[in-house]
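K.L.:
just a sequence and a predicted model for now, questions to come.
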Amino acid sequence: MSKPLTIAVALGLTLLLADAMASELKIIAGGSITSLLNELGPPFEKASGHKLSIHFDSTPNIITRINSGTPFDLVVVPIDVFKNAETKTHFAAGPSIDIARVGYGVAVRAGVPKPDVSTPDALKKTLLSASSIAFVPASAAGAYVTKVFERLGIGEEMKARTRAQAGPPQIAPAVAKGEAEFGVFLTNVLIAPGVELAGPFPAELQQELVFTAAIAADSKEADAARALIDYLRTPASAAAIKAAGMNPG
């Protein structure tokens with residue numbers, strides 16, 4: 001984060017959290033916003049005195065974690081988590097808060113020619129030409145990528161080319177090191193050293209994944225959790241979200 005942005009966040013938080021008691025917040029978050037929360041977390045901790053303990057994971061694992069009774073205070077997760085009826089019972093009453101959203105795209109190793117992904121037919125041709133693709137099938141974003149393959153009529157062909165990654169942060173490095181020819185996932189994950197975005201999915205196939213925040217029904221740190229949500233919606237945080245390749249709210 002740039003120094004002006006850090007200062008702006010700190011000044012805003014000083015006013016926002018002046019009367020808050022320092023707490024340890026247990027947070028569950030989507031793996032695709034690892035970099036974003038790792039960037040925004042330290043200024044929040046410094047200004048507020050709160051300590052953030054963040055567990056990043058995929059949507060299926062997040063649902064299992066919450067439903068198994070793992071203690072948490074706040075989630076910032078793909079909206080798909082809220083589609084699970086049992087999981088929703090673990091959140092406090094009231095509306096959830098959308099924090100950020102982002103669409104899908106294709107990345108290649110930096111310096112190689114960028115393939116055409118501008119239309120459904122072009123994307124299909126490009127994917128079929130790939131020797132391998134990196135993404136995270138067992139995730140909300142991965143489920144949508146798989147659905148796009150199926151819509152293009154190449155679901156079976158892509159299974160043989162898939163190089164499944166442990167989490168979103170591993171996608172770009174796999175492409176940069178040549179372990180996979182393409183990375184296909186949320187575009188913010190594909191903005192990383194060693195790779196370049198070939199382009200977003202064509203409009204006919206595009207969809208945004210929304211990351212939403214909610215407080216645990218049994219959290220003893222609800223005030224601190226609300227302070228973090230407010231912080232993630234400040235103009236300075238919105239600037240950081242945009243800089244990370246996402247759209248606020």
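P.N.:
Perfect, I can see it now. Numbering: from 1, shown residues only.
K.L.:
next, count neighbours for the closest residue to S35 other than its chain neighbours.
P.N.:
Nearest non-adjacent residue to S35, counting by CB to CB, 6 or more residues apart in numbering: A244, 6.5 Å away. Using the backbone N, CA and C atoms, a C-beta is placed for each residue, glycine as well. Around A244 there are 18 other residues, counting by other CB atoms under 10 Å.
K.L.:
against V112, how distant is A244?
P.N.:
Distance of A244 to V112, computed by CB to CB, to the nearest Å: 24 Å.
K.L.:
go on, K51?
P.N.:
From K51 to V112 the distance is 43 Å (CB to CB).
K.L.:
what residues are up against the residue nearest to S35?
P.N.:
Contacts for A244 (CB atoms under 8 Å, 6 or more residues apart in numbering) come out as S35, L36, E39, N188, I191.
K.L.:
give me the pLDDT value at the residue most central in space within the chain.
P.N.:
Nearest to the geometric centre of the chain sits S32, at 2.8 Å (CA atoms, centre = their mean). pLDDT recorded at S32 is 97.
K.L.:
isn't it right up against L190?
P.N.:
No: S32 is beyond contact range of L190, at 10.3 Å (criterion: CB atoms under 8 Å).
K.L.:
what's the burial count for A138?
P.N.:
15.
K.L.:
ok, D230 next?
P.N.:
Neighbours of D230 under the rule other CB under 10 Å: 15.
K.L.:
now name the helix or strand holding it.
P.N.:
Per DSSP states H and E, D230 falls inside helix 222-232.
K.L.:
packing partners for whatever helix or strand comes next after that helix?
P.N.:
Later in the chain than helix 222-232, the nearest helix or strand by DSSP H and E is helix 235-243. When contacts are defined as 3 or more CB pairs under 8 Å, 6 or more residues apart in numbering; DSSP states H and E, helix 235-243 packs onto helix 3-16, helix 34-48, strand 247-248.
K.L.:
wait, is L197 part of a strand?
P.N.:
Yes: assignment of L197 by DSSP: H, G, I helix; E, B strand; the rest coil places it within a strand.
K.L.:
thinking it is in contact with F185, fair?
P.N.:
No: counting by CB under 8 Å, L197 does not reach F185; the two are 10.8 Å apart.
K.L.:
what about the two, which has more around it?
P.N.:
Each of L197 and F185 has its neighbours counted (other CB under 10 Å); F185 has more, 28 against 17.
K.L.:
contacts only, for the closest residue to I191 other than its chain neighbours.
P.N.:
In space, I191 comes closest to G245 once its chain neighbours are excluded; the distance is 4.6 Å by CB to CB, 6+ apart. Taking CB under 8 Å, 6+ apart, we find G245 in contact with V102, T187, N188, I191.
K.L.:
will you turn these into a markdown table that also has pLDDT and distance to E204?
P.N.:
Formatted as a markdown table, the contacts of G245 follow (pLDDT from 0 to 100; distance: CB to CB, whole Å):
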| residue | pLDDT | distance to E204 |
| --- | --- | --- |
| V102 | 98 | 18 |
| T187 | 98 | 17 |
| N188 | 97 | 21 |
| I191 | 94 | 23 |
